[in-house]
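[1] Build me a model:
(chains A and B)
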Amino acid sequence: MTDPWSGGQYAGSVRVRFAPSPGGHLHVDELRTALFGWAFARHTGGAFVLSIDDVDGPGDGTAEVAEEHVAAAREALHWLGLNWDEGPDQGGPYGPYRQSERIELYHQWAQRFLDTGYAYWCYCSPEELAARHESGAGTSDYDRYCRTLTPDQVQAYLAEGRQPVLRFRMPDGSTTFTDLLGGELTVDHQAVPDFVLMHADGRPLHGLTSAVDDATMRISHVIRDTSQLPATPRELAVYRAMGLPEDQFPVFAHVAGLVGEDGEKLSRHHAVTAIDRYRRDGFVPEALDNYLASLGWSPEDGRAEFTVDDLVGGFDLARVRTSAAEFDPAELETLNGTKIRALTPADFARRIVPFLAQSGLVTEPLSSDQMWFIRDGAPLIQDRITRLTEVPAQLAFLLVPDPGFHPQPADAAAVLTAEAATPLKAAAEALAALPDWTAEAIEQALSAALVDGPGPGPGPEAARTPVQVAVTGRREGPPLPGSLALLGRERTLARLASAQASLPS
RNA sequence: GGUCCCGUCGUCUAGUGGCCCAGGACGCCGCCCUCUCAAGGCGGUAACGCCGGUUCGACUCCGGUCGGGACUACCA
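    Next comes the predicted model:
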């Protein structure tokens, strides 16, 4: 336990920060990165820190946008069970955790960098920059034009009324660092431009804020998407400029992103990205946690199915793969069915209620009849669905008030034909005569009536389907005897009668 | 263009020089079970990108090559 991958050397002092990208809803790939960071923090007994990047985001940095941002992060993280120890809600020793409340801090460091020569003002206009890029020899980096301005030149620019931005003076040389996932890396500073720290109006940029936040929040492990890897040298340079001792630098672990079917990084144009969609679509968080983690990490015993506890218990950065993985909706779907089946019956019954309410089959608070139907009906279907959204269709026959009950037109047309008269009649007679209304008795009565009944004797399957459609309204569904037992004799016979009456002659 | 990263079945992965003519899972195909639809059980399909090198031995190490991706902002 002394290698950095398992976090052993940081035991108890691991601190991982998650800063969701601004813009409202979270994406599955950033949630996966969060999941890894969270698992690492939990595995090592460290802290998981939530911070909000609400400075200068796409939404113009308005207060409402920032609040939406916080709410979206909170909701998604809660749903997946990723709890955090410090954040905008509960605060913590290194707060505040909203960048908009840390402006003062960024300004202090900006000033310090100016004083120590690590930063300088740049008066170039965007147009001038663009023009020089055009004529320049291929390089798109900033040409460091304003590094060596004379006082006279500065005076002249100021007299013109130019508003300067603050740039970081990238030192000469190169940076070598070890990425926990990618291994040792050396980047020549030639390839790292003098990036902008602060807008002319004082708004800090990510190059400043992320380094300052990680350093001042005493983050030990920066676990983030690999797209951030090229930014690492400049962050290390900022730490040095801040005077942070090397042994207090966070270590980096860049996890490869998720890609879509087209092999490209998951982004807004992929249908599968937004996390809130999955809850609405009947996925359980256990499935998302498991599936997302399995994209890159695997437990030592190799199982594809595991719980978050397994994840926390066995998590090790050394077991995280470094190549990008494709997000496969089909596999998530299968896993979701598995996780649903693993739920206790009571838990399952509880979780399907919102979906029944959503479809209008029940309204909360539930009546005692409804509770009874849900509790007893749930086990009938728990094994046969893959998403919670399938529940309403499966249980509708029980929950719909009788006057509103009608078989599905398509199924009725296919099955409730003139030939159905015989089996329907036979079933109704057998069921009416039953002494005990239990699933077993119903099963026996049905078999006897439909196989040995009068008439030319259609096969048991062909005879049973009309009964199924007449009573449950659909050709597919939970086992018939159990369904009828729950429905009750009265309602069953009434539906049989009404189906017989509606048959074409 | 430049800098960097990645490369095992269709997909997710196991594999850290012999245990691998490569194991598991999803998908797909077939069979069994069966009152529908599922679930479950059994079996099958299918991969180390390519070329060299190191070695008695390479999926594992090295070099090259090809392919994919990221970054390259006064966005975060």
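[2] Could you pull out the helices in the stretch 101-250 of chain A for me?
    A:103-115, A:126-135, A:151-159, A:206-216, A:232-242 (DSSP state H, counting those that start in this stretch).
[3] is the second one up against RNA strand B anywhere?
    So that's helix A:126-135. Yes - Helix A:126-135 reaches RNA strand B (CB under 7 Å from any atom of the strand) through A:Pro126, A:Leu129. C-beta here means a position set from N, CA and C on the backbone, and glycine is covered the same way.
[4] Off-centre distance for that helix?
    On the basis of CA atoms, centre = their mean, to the nearest Å, helix A:126-135 sits 41 Å off its chain's mean C-alpha point.
[5] what's that helix packed up against?
    Helices and strands touching helix A:126-135, as assessed by 3 or more CB pairs under 8 Å, 6 or more residues apart in numbering; DSSP states H and E, are absent.
[6] Using CSV, write down the CA coordinates of that helix.
    Extracted in CSV, the C-alpha atoms of helix A:126-135 (Å, rounded to 0.1, in the frame of the first residue of the first chain):
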residue,chain,number,x,y,z
PRO,A,126,-7.8,39.9,-30.8
GLU,A,127,-7.5,41.2,-34.4
GLU,A,128,-3.8,41.8,-34.1
LEU,A,129,-3.3,38.3,-32.6
ALA,A,130,-5.3,36.8,-35.5
ALA,A,131,-3.3,38.7,-38.1
ARG,A,132,0.0,37.6,-36.7
HIS,A,133,-1.2,34.0,-36.6
GLU,A,134,-2.0,34.2,-40.2
SER,A,135,1.4,35.5,-41.3
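[7] what comes up buried for it?
    With burial defined by 16 or more other CB atoms under 10 Å, not one residue of helix A:126-135 is counted as buried.
[8] re earlier: out of the helices of the stretch 101-250 of chain A, which comes closest to A:Leu180?
    helix A:232-242 (11.9 Å; CB to CB).
[9] following the closest one, which helix or strand shows up next?
    strand A:251-255 (DSSP states H and E).
[10] residues contacting the nearest residue to A:Ala497 once chain neighbours are set aside?
    For A:Ala497, ignoring the flanking residues on the chain, the nearest one in space by CB to CB, 6 or more residues apart in numbering is A:Ala428 at 6.8 Å. Residues in contact with A:Ala428, defined by CB atoms under 8 Å, 6 or more residues apart in numbering, are A:Leu493, A:Leu496, A:Ala497, A:Gln500.
[11] go on, A:Phe195?
    A:Tyr142, A:Arg167, A:Phe168, A:Met170, A:Leu205, A:Gly207, A:Arg234.
[12] tell me the phi and psi of it?
    Main-chain torsions, A:Phe195, degrees, to the nearest 10: phi -70, psi 160.
[13] re the thing from before, tell me which of the helices of the stretch 101-250 of chain A is the most buried.
    Neighbour counts (mean count of other CB atoms under 10 Å) averaged over each of those peak at helix A:206-216, with a mean of 22.
[14] now for that one, which elements pack on it?
    Using 3+ CB pairs under 8 Å, 6+ apart: helix A:206-216 touches helix A:103-115, strand A:196-198, helix A:232-242.
[15] Which stretch among these approaches RNA strand B most closely?
    Among those, strand A:196-198 comes nearest to RNA strand B, with 3.7 Å by CB to the nearest atom of the strand.
[16] dump the residue contacts of the nearest residue to A:Tyr94 once chain neighbours are set aside.
    Leaving out its chain neighbours, the residue that sits closest to A:Tyr94 by CB to CB, 6+ apart is A:Met217, at 4.2 Å. By CB under 8 Å, 6+ apart, the residues touching A:Met217 are A:Arg15, A:Arg17, A:Val49, A:Ser51, A:Tyr94.
[17] Those residues: which two are farthest apart?
    Pairwise over the contacts of A:Met217, using CB to CB, the maximum falls at A:Arg15 and A:Ser51, 11.4 Å.
[18] The two: which is more packed in?
    When neighbours are counted by other CB atoms under 10 Å, A:Ser51 comes out ahead of the other of A:Arg15 and A:Ser51, with 28 against 22.
[19] so where's chain A shaky on pLDDT?
    Low-confidence segments of chain A (pLDDT under 70): A:1-12, A:24, A:56-62, A:135-140, A:451-462, A:505.
[20] how about a cut-off of 50?
    Chain A contains residues with pLDDT under 50 at A:1-2, A:58-59, A:138, A:453-458.
[21] Longest helix in it, please.
    For chain A, the helix with the greatest residue count under DSSP state H is helix A:63-80.
[22] What residues does the stretch 201-350 of chain A have near RNA strand B?
    Within the stretch 201-350 of chain A, the residues that sit near RNA strand B (CB under 7 Å from any atom of the strand) are A:203, A:205-207, A:209, A:226-231, A:256-257, A:259, A:263-265, A:294-296, A:298, A:302-305, A:318-319, A:321-326, A:328, A:330-331, A:334, A:337-338, A:341.
[23] among the residues you listed, which ones are buried?
    A:205-207, A:209, A:226, A:228-229, A:231, A:256-257, A:259, A:265, A:294-296, A:298, A:324-325, A:337.
[24] Which parts of the stretch 251-400 of chain A are strands?
    A:251-255, A:258-259, A:325-326 (DSSP state E, counting those that start in this stretch).
[25] Just put those strands in JSON lines and tack on distance to A:Asp411.
    Converted to JSON lines, these look like this (distance: least, CB to CB, whole Å):
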{"stretch": "strand A:251-255", "distance to A:Asp411": "48"}
{"stretch": "strand A:258-259", "distance to A:Asp411": "40"}
{"stretch": "strand A:325-326", "distance to A:Asp411": "37"}
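[26] right, and those - which one's nearest A:Asp115?
    Nearest of those to A:Asp115, taken as CB to CB: strand A:251-255 at 28.3 Å.
[27] For that closest one, name the packing helices and strands.
    helix A:28-43, strand A:174-179, strand A:221-225.
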